[in-house]
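**Student:** sequence unavailable; structure follows:
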C-alpha cells in the first residue's frame, strides 16, 4: 500500500541527491529535476523513483575542475558537464566573449558565487529553470539583463549569486529549460 513520504524521508532523499551531484553522478540540472520530484512526491513510490539509479550511476564529467575563467581577446565557452571546484567561480573577461552554462555543472554546494569583471566584452550565464539568482555588480556603459522563466523555485537547488562589474560590456543571465543544448544530446 502506498503512503505519503514524511518530511524526514524527503530531506534524506534531497541530501542523497545533493551528495550525488557533488560526486559527479548528477548534473545541477538533473539534481534540480530530481529534487523537485522529491518535494512533489505524493507517495513513497514517487520518492523512490526520484532517487532511482543513484547507486549504479557512474561518475561523469570532466576530470578538470574549474575555479576561474579568464578570457582575453578570445571566445570562451564552458558548456556540458564540468566540475566546479568550490562554490566560487572567478571570471575575468577583457575584450572577449564568455559563456558559462550552469545547467550541467557538478557541485554539491548550496550557493554558487560568480564574481569578477567584464571590460569591453560579453558575459552570458545560463542557469536551469527553477533556481534563484541574485544578480548585482557595478556597471559603467554596460547593458545588464536578467531573464528568468516565471517558474517556482525548485526546493533544494543552490542559490546562484552573480557579482560582476562591467565596463563597456554586455552582461546577461538567462534561464533555460532542463535538457542539454541540442548539440550535446545523443
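**Tutor:** Good, I have the coordinates. Keep in mind it's a predicted model, so treat the numbers as computed, not measured.
**Student:** which residues are in contact with the longest helix along the chain?
**Tutor:** If you go by DSSP state H, the chain has its longest helix at helix 7-22. Taking C-beta atoms under 8 Å, 6 or more residues apart in numbering as the criterion, the residues outside helix 7-22 that touch it are 5, 26-28, 30-31, 34-35, 38-39, 41, 44, 47, 50-51, 54, 57, 106-110, 155-156. Quick note: C-beta positions are derived from backbone N, CA and C, even for glycine.
**Student:** try it again at 6 Å.
**Tutor:** Here helix 7-22 makes contact (C-beta atoms under 6 Å, 6 or more residues apart in numbering) with 26, 31, 34, 35, 38, 47, 51, 54, 108, 156.
**Student:** out of those residues, which is nearest to residue 80?
**Tutor:** Taking C-beta to C-beta as the measure, residue 26 is the one of these closest to residue 80, at 14.2 Å.
**Student:** how close does the closest one sit to residue 54?
**Tutor:** Note on residue 26: its distance to residue 54, by C-beta to C-beta, to the nearest Å, is 8 Å.
**Student:** more neighbours: those two, which one.
**Tutor:** Between residue 26 and residue 54, counted using other C-beta atoms under 10 Å, the more crowded position is residue 26 (27 against 16).
**Student:** tell me how many other residues crowd the nearest residue to the more buried one once chain neighbours are set aside.
**Tutor:** In this structure, residue 26 finds its nearest non-sequential neighbour in residue 20, 4.7 Å apart by C-beta to C-beta, 6 or more residues apart in numbering. Neighbour count for residue 20, taken as other C-beta under 10 Å: 22.
**Student:** report pLDDT for residue 20.
**Tutor:** The confidence metric pLDDT takes the value 83 at residue 20.
**Student:** most widely separated two among the contacts of helix 7-22?
**Tutor:** With C-beta to C-beta as the measure, no two of the contacts of helix 7-22 lie farther apart than 47 and 108, at 20.3 Å.
**Student:** which one of those two has more residues nearby?
**Tutor:** Of the pair residue 47 and residue 108, residue 47 is the one with more neighbours under other C-beta under 10 Å, namely 22 against 19.
**Student:** pretty sure that one is in a helix, no?
**Tutor:** Yes. Assigned with DSSP: H, G, I helix; E, B strand; the rest coil, residue 47 falls within a helix.
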